[in-house]
Every structure is written in structure tokens, then in C-alpha cells.
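**Student:** here you go, sequence then predicted model.
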Amino acid sequence: MNLQVQQKQRSLTEHLPRPSLQARGFLVDEHGREIAITERMIQQACEALDEHWVTPRAANAR
């Protein structure tokens, strides 16, 4: 890898936001209570999406 490519990759990663412990999301249940969204909840949602993934058909295929 040449130096120019390495420098470009480094500059791209330098400007990415760093995870913050204060960045949080919440769900509101049917009783109006806020429930913190956990990493495990996100992992479970991603796993469910992976299990139900259906490959889309090509636009010109019938």
C-alpha cells in the first residue's frame, strides 16, 4: 500500500466520532416508561433480521 493511500485512510478514521457513554437510546413501553436500549437488544434485533433475510429478485426477472 502506498503512502498516499495510508495517509488518506488515517485521515478518514481521525474524523470519525468516538463512541460516547452518554449517547443512549430509549424505548417507551405501553405504560410510558423509558427502557434503555442495550447492546444485547441491538444484537438480538440484528440476529432476527439475519434469520428473516430474503434475497431480492432482480428487477428484470419475472
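**Tutor:** Arrived safely. Residues are numbered from 1 along each chain as shown.

**Student:** please pull out the lowest mean pLDDT helix or strand from this protein.
**Tutor:** helix 3-14 (a mean of 60; mean pLDDT, DSSP states H and E).

**Student:** and the strands in this structure?
**Tutor:** With DSSP state E as the criterion, the chain has strands at 26-28, 34-36.

**Student:** just put the ones you listed in CSV and tack on distance to residue 50, mean neighbour count and mean pLDDT.
**Tutor:** No exception for glycine: its C-beta is placed from N, CA and C like everyone else's. CSV is the format used below for the strands of the chain (distance: least, Cβ to Cβ, whole Å; neighbours: other Cβ atoms under 10 Å; pLDDT from 0 to 100):
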stretch, distance to residue 50, mean neighbour count, mean pLDDT
strand 26-28, 21, 10, 95
strand 34-36, 23, 10, 94
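
**Student:** so which of those strands gets nearest residue 58?
**Tutor:** With Cβ to Cβ, the closest approach to residue 58 among the strands of the chain belongs to strand 26-28: 36.8 Å.
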